[in-house]
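Asks: need coordinates for the below:
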Amino acid sequence: MTTETAPRVVEDALYRRLCDFYYDEADLLSQRQYVKWFALLAEDIHYRVGFPEFYEHGTRRQIGIGNPYFDDNHVSLKVRTNLLGNPTTTTAENPPSIYNYFVTNIRARWATDEADAIDIDSRLLIYRVRASEPVPFILGARRKDRLRIAGDGFRIARRDAAIDQSIIQSPNLSFLL
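Replies: Down below sits the predicted model:
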């Protein structure tokens, strides 16, 4: 008989710091501060954005599974943040959208396979207003992150985000999750 230990929940003081980290990150993204957001990333970041897995009731057949929208590393995220931060390089965000990011349901556990790493589950809501669209765009996502303790802060080493829509109603994905 084997007993498997559950991942340890982080202590309250660390949890508060993690929440502040996520709220600060949401503010950076809401204000389109992409250079500052990029500084939060570990050099071996794996950033992946996809869509949810749908299963037909009573079967194992998956519906809607395919390639992710984004599958990025440190280099490709540097390119993406440079493009998003420079309105002259893309017409998709000219004039720039207004964003509000909301992070909630933050759950933190110590990673079991890496020292000084924390696995985070959270929910994200993005409220986006475009000058050319009369109706705001709202997008929800589930995120699974791996944060590493780095000095007195944290670095995002992995982000897997699943958008809660099978068909995205936005004309572009010119934002980060």
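Asks: going forward, measure contacts and count neighbours with C-alpha atoms only.
Replies: Will do.
Asks: ok, now which ones touch residue 130?
Replies: Counting by C-alpha atoms under 8 Å, 6 or more residues apart in numbering, residue 130 touches 95-98, 136.
Asks: at 10 Å what do you get?
Replies: 93-99, 136-137, 170 (C-alpha atoms under 10 Å, 6 or more residues apart in numbering).
Asks: name the residues of whichever strand or helix holds residue 108 that are buried.
Replies: Here residue 108 sits within strand 98-110, counting by DSSP states H and E. Across strand 98-110, burial judged by 16 or more other C-alpha atoms under 10 Å covers 99-103, 106-110.
Asks: list just the nearest of these to residue 145.
Replies: Relative to residue 145, the closest of these is residue 108; by C-alpha to C-alpha it sits at 9.5 Å.
Asks: pretty sure the closest one sits against residue 13.
Replies: No: using C-alpha atoms under 10 Å as the test, residue 108 is too far from residue 13 to be in contact (12.0 Å).
Asks: shaky segments in the chain?
Replies: 1-5, 54-56, 60-66, 90 (pLDDT under 70).
Asks: helices along that one, start to end?
Replies: For the chain, the helices defined by DSSP state H cover 12-30, 34-38, 74-85.
Asks: could I get the ones you listed as a markdown table with distance to residue 48 and mean neighbour count?
Replies: Below are these laid out as a markdown table (distance: least, C-alpha to C-alpha, whole Å; neighbours: other C-alpha atoms under 10 Å):
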| stretch | distance to residue 48 | mean neighbour count |
| --- | --- | --- |
| helix 12-30 | 17 | 16 |
| helix 34-38 | 15 | 17 |
| helix 74-85 | 11 | 16 |
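Asks: need those helices in JSON lines with distance to residue 58, can you?
Replies: Listed next are the helices of the chain as JSON lines, based on distance: least, C-alpha to C-alpha, whole Å:
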{"stretch": "helix 12-30", "distance to residue 58": "37"}
{"stretch": "helix 34-38", "distance to residue 58": "42"}
{"stretch": "helix 74-85", "distance to residue 58": "39"}
